[in-house]
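Q: need a structure here:
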Amino acid sequence: MQTCLGAHCTHAAGQKSVWRGDTEHQAHSMAASTQAFHVPTPLLESLELSKLAGTTVYLKMDNAQPSGSFKIRGIGHLCQKVARTGCKGFVFLRGGNAGLAAAFVAKKLGVPATIVVPGSSYDLVIHKLRDHGATVQVFGKVWDDANEEAHRLAESEGLQYIPPFDHPLIWEGHASIVKELKAYLPTKPGAIVVAVGGGGLLCGVVEGLKEVGWEDVPIVAMETKGADCLNAAMKAGKLVTLPDITRWVAVYK
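A: From the prediction side, this is the model:
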């Protein structure tokens with residue numbers, strides 16, 4: 001039995017994305033192109049985890065993506081689809097890996113990006129987003145405040161709102177992870193372990209398994225204590241609101 005672990009990889013410490021300024025023509029060409037922004041990433045066997053688990057464990061190294069995480073797969077796919085229809089700018093919600101992916105993709109497409117984050121965001125994250133060329137607006141204290149402001153900006157300014165995880169085209173983009181697993185692995189995995197935050201990656205993995213004919217492969221969904229929304233909702237049998245959310249798990253240096 002073999003297990004694939006770690007499709008959800010955080011931004012590697014100290015990793016920097018390189019972007020060379022495209023001309024307007026090149027930016028429009030990129031938007032019209034079907035070329036994805038993400039790259040195929042290594043699938044590496046972890047000897048230590050394999051020993052602990054008693055089975056072969058592979059790590060999907062999506063920290064090697066241009067923006068530093070798997071988020072570029074789904075967000076890049078959605079933004080590219082939207083850009084082809086024409087838009088004056090994107091409005092994104094969230095900093096962190098989603099924000100970095102959004103800023104990277106928007107710059108590649110030549111589309112202005114505004115990223116709305118709550119006041120609880122770290123200054124270092126805000127600086128990183130601005131370094132990627134995005135306009136960052138800090139609004140409210142928590143995620144819900146920033147989300148409301150992002151929607152208001154989209155409506156009042158005529159911008160396209162891009163969600164961080166809740167969109168079928170984002171899931172479609174994340175499904176590419178499973179297609180790569182299918183190409184790399186000699187046999188079907190015994191299980192896939194997926195980290196769950198908003199659920200975009202989980203939905204993408206489910207969709208990808210269907211596409212490659214691996215519907216019977218079990219998925220183990222892992223959540224961080226203090227941000228276990230899915231676990232709480234499944235136990236309650238309905239949507240629930242947690243009293244507080246762990247702010248950041250990854251440390252940016």
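Q: looking at it, F92 is touching Q160, isn't it?
A: No - F92 is not in contact with Q160 according to CB atoms under 8 Å; the separation is 9.7 Å. Heads up, the C-betas are built off the backbone N, CA and C, glycines and all.
Q: the two: who's more crowded?
A: F92 (30 against 18; other CB atoms under 10 Å).
Q: doesn't the more buried one fall inside a strand?
A: Yes - residue state for F92 (DSSP: H, G, I helix; E, B strand; the rest coil) corresponds to a strand.
Q: how close does it get to H127?
A: Distance of F92 to H127, given as CB to CB, to the nearest Å: 16 Å.
Q: one more: G204?
A: Look at G204 and H127: by CB to CB, they are 29 Å apart.
Q: I figured L201 hits E207, correct?
A: No - using CB under 8 Å, L201 is not in contact with E207, being 10.6 Å away.
Q: quick one: name whatever helix or strand follows the helix or strand harbouring I115.
A: In the assignment (DSSP states H and E), I115 maps to strand 113-117. Later in the chain than strand 113-117, the nearest helix or strand by DSSP H and E is helix 123-131.
Q: give me the residues contacting that next one.
A: The contact list for helix 123-131 (CB atoms under 8 Å, 6 or more residues apart in numbering) reads G95, G96, G99, L100, A103, I115, V117, V136, V138, W248, Y252.
Q: gap between the fifth one and V178?
A: According to CB to CB, A103 and V178 sit 26 Å apart.
Q: the more surrounded of the two?
A: A103 (28 against 25).
Q: quick one: contacts for the more buried one?
A: Counting by CB under 8 Å, 6+ apart, A103 has contacts S67, F92, A113, I115, L129, H132, G133, A134.
Q: and the first one, that one's in a helix?
A: No - the secondary structure assignment for S67 gives coil rather than a helix, going by three-state DSSP.
Q: and it, how far from L47?
A: Distance from S67 to L47, by CB to CB: 28 Å.
Q: then P189?
A: Counting by CB to CB, the gap from P189 to L47 is 17 Å.
Q: of those two, who's got more company?
A: P189 (22 against 10).
Q: any idea which element the more buried one lies in?
A: Judged by DSSP H and E, P189 forms part of no helix or strand.
Q: again, but for E207
A: Using DSSP H and E, E207 sits within helix 200-212.
Q: packing partners of that helix?
A: The contact analysis (3 or more CB pairs under 8 Å, 6 or more residues apart in numbering; DSSP states H and E) places helix 200-212 against helix 71-85, helix 168-174, helix 176-184, strand 191-195, strand 219-222.
Q: okay, buried residues for it please.
A: By neighbour count with 16 or more other CB atoms under 10 Å, helix 200-212 contains the buried residues G200, L201, L202, C203, G204, V205, V206, E207, G208, L209.
Q: now distance to K60 too, for these, in JSON lines please.
A: What follows is those, written out as JSON lines (distance: CB to CB, whole Å):
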{"residue": "G200", "distance to K60": "15"}
{"residue": "L201", "distance to K60": "11"}
{"residue": "L202", "distance to K60": "14"}
{"residue": "C203", "distance to K60": "16"}
{"residue": "G204", "distance to K60": "12"}
{"residue": "V205", "distance to K60": "10"}
{"residue": "V206", "distance to K60": "16"}
{"residue": "E207", "distance to K60": "16"}
{"residue": "G208", "distance to K60": "12"}
{"residue": "L209", "distance to K60": "14"}
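Q: and of the residues you listed, the nearest to N231?
A: The shortest approach to N231 among the buried residues of helix 200-212 belongs to L202, at 12.2 Å (CB to CB).
Q: what residues does that closest one make contact with?
A: Contacts of L202 (CB under 8 Å, 6+ apart): V194, V196, I219, A221, L230.
Q: from G89, how far out is the nearest residue to K71 once chain neighbours are set aside?
A: What sits nearest to K71 in space, not counting adjacent residues and going by CB to CB, 6 or more residues apart in numbering, is A101, at 3.8 Å. Going from A101 to G89 by CB to CB gives 17 Å.
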